[in-house]
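Visitor: coords below, sequence missing:
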Ligand SMILES: Cc1cc2nc3c(=O)[nH]c(=O)nc-3n(C[C@H](O)[C@H](O)[C@H](O)COP(=O)(O)OP(=O)(O)OC[C@H]3O[C@@H](n4cnc5c(N)ncnc54)[C@H](O)[C@@H]3O)c2cc1C
């Protein structure tokens, strides 16, 4: 807990999680917030995000856990608020369909979602014809068994949402420093005293590490380790294909796919084009504070297009107008890290986005700001504590990957 007179609060990282943390700190009354980012604006993973936001934690088939639903509800409300306040984040409230190709899978999906105690209002099972209707013609009903509609789901353009938060920080007078890598968090007698950057020291008794794929390096500077598994993930945007702007977002576990409408075309990807950062680095991939570009993954996704088009016929033969990659970071238990670093006063962390930082960023930012200023947390922070996982149980990445066996991206983590 801190008070406004304690000195600046430094947020390291200006992606969606860091920007949301700074935004909520300002809203909570923190007087001096400094945001420091290693790169240019919008250089990190956030703009690669596809912009799906839904109550993904209310699903027994996913590893996020019911504890995350309050954060998802907060994210849904937060983006609606930006939209209602006039921000152009290409917000649309079209719902989400989890698609099944077989009856067995439809039963599994329905069981996981409809039998969850926190199931959202109006969530319902769809047969193949109902899928075709809800999907406004984008799906061939003969290729699917059905799906589950999650009507609360929204979609947005991630770079616009990040830009909106940065504009609001600027308007609030927050000092945001770009192209300023933080090299170390400075700790004296178990208390944070500031950060070391390539441009010198910033004194601050509170530091929030929100550096996405680069969190592990900053934690190492204070001799701490979290089991974190960074992967490169890929998103393609097709040329316009006449899709309705009212089309719901879609996930199809059997195709390892997520897909949505964007500017009349398809914005899509899936774990067929994800790979461990370590595996890609072993093949020669190099990147610093910018987004990676992996041709291996681009080729893997191109190879999948006609298979996906058997379910989404309009995708067949379309050219790709944008290919963008980013580095989501997975946790061994499928959850998120939001909280303090035990035994280091003044050090706070937002990490392990589990490829859901767009959905959870606003809630993560809100919760960490409440913990820092000492306000009543809007949801129980205990399930997000950093010390819920013992890092010594995961001495290397192979041990972490082994723990992810039940994850929806398990096929990709196990690919060499
Ligand atoms: C293809 C793809 C699709 C996705 N789809 C979705 C989706 O539909 N819904 C969803 O919820 N999530 C989705 N995600 C996940 C989501 O994009 C991420 O969880 C989120 O963007 C992570 O945000 P972040 O702020 O943690 O990281 P980033 O956006 O990477 O921000 C971290 C920042 O920290 C800075 N930084 C790093 N090191 C330092 C340092 N030493 N000093 C100072 N600054 C530093 C970086 O420059 C960067 O700007 C997707 C991700 C990908 C790649």
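Guide: Nice, I can see it. Since the structure is predicted, the reported quantities are computational estimates derived from the model, not experimental observations. Residues are numbered from 1 along each chain as shown.

Visitor: low-scoring stretches of the stretch 251-400 of the chain, by residue?
Guide: Within the stretch 251-400 of the chain, not a single segment meets pLDDT under 70.

Visitor: Return the residues of it in contact with the ligand.
Guide: 269, 289, 326, 328, 353, 355-359 (C-beta under 6 Å from any ligand atom). Yep, even glycine has a C-beta here, placed from its N, CA and C like the rest.

Visitor: Need the buried ones from those selected in ChimeraX.
Guide: Buried residues within these, by 16 or more other C-beta atoms under 10 Å, are selected in ChimeraX with:
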select :269,289,326,328,353,355,356,357,358,359
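
Visitor: and the closest residue to the ligand within the stretch 301-416 of the chain, what does it touch?
Guide: Going by C-beta to the nearest ligand atom, the ligand is nearest to residue 357 of the stretch 301-416 of the chain, at 2.3 Å. Residues in contact with residue 357, defined by C-beta atoms under 8 Å, 6 or more residues apart in numbering, are 15-17, 45-46, 49, 212, 328, 364.

Visitor: In helices only, show me those.
Guide: 16-17, 364 (DSSP state H).

Visitor: Would you convert those residues into TSV that also reports neighbour count?
Guide: Shown next, in TSV, are the ones in helices among the contacts of residue 357 (neighbours: other C-beta atoms under 10 Å):
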residue	neighbour count
16	31
17	32
364	30
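
Visitor: What parts of the stretch 51-200 of the chain come near the ligand?
Guide: Going by C-beta under 6 Å from any ligand atom, the residues of the stretch 51-200 of the chain near the ligand are 51-52, 181-182.

Visitor: Export those residues as TSV, with columns for neighbour count.
Guide: Listed next are those as TSV, based on neighbours: other C-beta under 10 Å:
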residue	neighbour count
51	24
52	23
181	19
182	25
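
Visitor: where does residue 229 fall, phi/psi-wise?
Guide: Per-residue torsions, residue 229: phi -120, psi 100 (degrees, to the nearest 10).

Visitor: ok, now which ones touch the closest residue to it other than its chain neighbours?
Guide: Among residues not flanking residue 229 along the chain, residue 330 sits closest, at 4.4 Å (C-beta to C-beta, 6 or more residues apart in numbering). Residue 330 makes contact with 228-231, 352, 354-355, 404, 407, 409, 413, according to C-beta under 8 Å, 6+ apart.

Visitor: count of residues packed around residue 76?
Guide: 21 (other C-beta atoms under 10 Å).

Visitor: Tell me if stretch 233-245 is near the ligand.
Guide: Yes: Stretch 233-245 is in contact with the ligand by C-beta under 6 Å from any ligand atom, via 233-235.

Visitor: How about residues contacting stretch 123-130?
Guide: 97, 106, 110, 113-114, 134, 141-142, 144-151.

Visitor: Select from the residues you listed the one having the most neighbours.
Guide: residue 147 (30 neighbours).

Visitor: ok, residue 324 - how many residues close by?
Guide: Neighbours around residue 324, by other C-beta under 10 Å: 20.

Visitor: burial of the closest residue to it other than its chain neighbours, as a residue count?
Guide: With C-beta to C-beta, 6+ apart as the criterion, residue 324 has its nearest non-adjacent residue at 4.7 Å, and that residue is residue 48. Using other C-beta under 10 Å, residue 48 has 21 neighbouring residues.

Visitor: picking that back up, let's see which of the residues of the stretch 51-200 of the chain next to the ligand end up in strands.
Guide: 52, 182 (DSSP state E).

Visitor: Including pLDDT, could the residues of the stretch 51-200 of the chain next to the ligand go into TSV?
Guide: As requested, those are exported to TSV (pLDDT from 0 to 100):
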residue	pLDDT
51	98
52	98
181	98
182	98
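
Visitor: possible to save the residues of the stretch 51-200 of the chain next to the ligand as JSON lines with distance to residue 257?
Guide: Shown next, in JSON lines, are those (distance: C-beta to C-beta, whole Å):
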{"residue": "51", "distance to residue 257": "16"}
{"residue": "52", "distance to residue 257": "12"}
{"residue": "181", "distance to residue 257": "36"}
{"residue": "182", "distance to residue 257": "37"}
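
Visitor: Contacts only, for the nearest residue to residue 16 once chain neighbours are set aside.
Guide: Leaving aside its chain neighbours, residue 16 sits nearest to residue 361 (3.8 Å; criterion: C-beta to C-beta, 6+ apart). Residues in contact with residue 361, defined by C-beta under 8 Å, 6+ apart, are 15-17, 19-20, 75, 353.

Visitor: Fine by me, thanks again.
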